[in-house]
Each structure stands twice: as structure tokens, then as C-alpha cells.
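Enquirer: Whatever this is, show me its structure:
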Amino acid sequence: MSATDSLPAQLSALQHVLDTMPPVAAMQIRVHDYRDGVLHIHAPLAANVNDKGNAFGGSLASALTLSGWALVTLRLRLAGFDADVYVADSHIRYLAPVYGDLHAQAQADAETDWDSVLATFAQRGKARISLTARQPGEGDKAAAELSGRFVAFARR
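Expert: Here you go, the predicted structure:
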């Protein structure tokens, strides 16, 4: 993939990577779209349900983490970089049960400047970024929220 590839091609490439990971494939996670700086992924409740009939906490954690990974990976790829992206640390708050499909939404924190992140990556071959991923709940409230730092290293 190169920076000249279209956004749909880049999203398809991300989906391919997710599909090659057996635990992620079992969750049936799908990259939905990327718009206005927010990456959206979905997964059906039926593949991620717990004994109470709502979303399994581990599935929520995985979906939120993967949405952050996918966002950083996508932004780097769109800028023409090939990188390995990792979660460095994260904190998840479970705020309400989720009785529907998972809809993780990741975006960079407000103080993050993507241009600076990309410039740092170009210069050093590594960069870090703070972001927030959320599972929507009732109204404007989140049902679960991840605050995390992700790191990216240039592939050699």
C-alpha cells in the first residue's frame, strides 16, 4: 500500500490484517469507515455475548483497542509510511452494559496534532500518540471508553 492508494483500498487492507488474526476473526470485527478523523469498527453482539446477554467485557476491550490500532495504522499508511503499531498503555472504563452490536470509534485526543506525529515518524522512524476510543451508549454517553497511548515503529 502506498499513500496514493484510495481510502477504501486502505480500509480494505486493514480489514485483511484483522481477518488474519484468529481471535479478531472470531469476533467478526469489520472496519466500517473513517470520516472526520474518527475510525469506526463494528462487531455483532452474537459473536461477543457474555452469560448475561450483553457484550463481553473482553470483546469491548479488544474492539476499542483494535479501533485505536487501526486508526494509527491508517493515518500512517495514508501518509505513505509502513509501520508496526502497538498499544503502549491503556485504561478502560466500563460505564454501562451493551445490549447491541459493538461500534468502537477511535479518534486522536484533542491536543494531538497529526502533522507533528507524522513529522516525528518521518524524522525518527517512531512516534507515539494518545487517543480515545469509545463504545456509544444511550444518548451522548459512552457505554465504554478507552484512553490509550499507541506507538509506531518503522518497518525495516
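
Enquirer: For the residue nearest the centre of the chain, which three-state class applies?
Expert: By Cα atoms, centre = their mean, the chain has its centre lying nearest to S67, at 1.3 Å. Following DSSP: H, G, I helix; E, B strand; the rest coil, we place S67 in the helix state.

Enquirer: For Q28, see how far away it is.
Expert: When distance is defined by Cβ to Cβ, to the nearest Å, S67 is 15 Å away from Q28. The way it works is simple: take the backbone N, C-alpha and C, and place the C-beta from them, glycine included.

Enquirer: Can you show me the helices along this protein?
Expert: Listed from the start of the chain, the chain has helices (DSSP state H) covering 7-19, 22-27, 57-78, 114-124.

Enquirer: Near the spatially closest residue to A47 that is not a sequence neighbour, how many other residues are there?
Expert: Distances taken as Cβ to Cβ, 6 or more residues apart in numbering put Q28 closest to A47, at 4.4 Å, once the chain neighbours are dropped. When neighbours are counted by other Cβ atoms under 10 Å, Q28 registers 16.

Enquirer: State the distance from Q28 to A152.
Expert: 26 Å.

Enquirer: likewise I92?
Expert: On the measure of Cβ to Cβ, I92 and A152 end up 21 Å apart.

Enquirer: ok, these two, which is more surrounded?
Expert: Regarding I92 and A152, a neighbour count based on other Cβ under 10 Å identifies A152 as having more, with 24 against 17.

Enquirer: which ones are touching the more buried one?
Expert: When the contact criterion is Cβ atoms under 8 Å, 6 or more residues apart in numbering, the partners of A152 are 72-73, 76, 81, 83-86, 121, 126-129.

Enquirer: what bridges to the nearest residue to it once chain neighbours are set aside?
Expert: Using Cβ to Cβ, 6+ apart and skipping the chain neighbours, the partner closest in space to A152 is A83 (4.2 Å). With DSSP bridges as the criterion, the beta-bridge partners of A83 are A154.

Enquirer: Quick check: A83 touching F121?
Expert: Yes. Applying Cβ atoms under 8 Å as the test, A83 and F121 come out as touching, 7.1 Å apart.
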